[in-house]
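Student: Here is the input, now give the coordinates:
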Amino acid sequence: MHFTFLYEGAAEREADYKTLEEAIRSIEMGQLDRTLWSIQYVDTAGESQVYRFPLERDRVEQSPNESS
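Tutor: Numbering: from 1, shown residues only. Predicted structure coming up:
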């Protein structure tokens, strides 16, 4: 599949990967703040899609407050 990597909405680079998961990993491995990146691609139905990384606050599980 062909992917266009967008940084703050602007095309930054293009690459081919077998799956969306591989394209996602390519960003996750090299970026501390992934929230500025998104990945545009055409799905198997021929529709244009955009994958957006979740905000860091959405990725962190909140633990319950502990009393001491």
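
Student: quick one, what contacts the residue most central in space within the chain?
Tutor: The centroid of the chain falls nearest to Phe53 when counting by C-alpha atoms, centre = their mean (3.9 Å). If you count contacts by C-beta atoms under 8 Å, 6 or more residues apart in numbering, Phe53 has them with Ile24, Ile27, Arg34, Thr35, Trp37, Ser38. Heads up, the C-betas are built off the backbone N, CA and C, glycines and all.

Student: Tell me, how many residues neighbour the second one?
Tutor: Residues within reach of Ile27, counting by other C-beta atoms under 10 Å, total 18.

Student: Which residues are in contact with the nearest residue to it once chain neighbours are set aside?
Tutor: Spatially, and ignoring its direct neighbours in sequence, Ile27 is nearest to Trp37 (5.1 Å; C-beta to C-beta, 6 or more residues apart in numbering). For Trp37, the contact set (C-beta under 8 Å, 6+ apart) comprises Phe5, Leu6, Tyr7, Glu12, Ile27, Gln31, Phe53.

Student: Now go through the residues you listed and say which are in helices.
Tutor: Mapping the contacts of Trp37 onto helices (DSSP state H) picks out Ile27.

Student: Please list only the buried members of the contacts of Trp37.
Tutor: The neighbour-count test (16 or more other C-beta atoms under 10 Å) marks Phe5, Leu6, Ile27, Phe53 as buried among the contacts of Trp37.

Student: Closest to Thr44 out of these?
Tutor: Thr44 lies nearest to Phe5 out of these, by C-beta to C-beta, at 19.9 Å.
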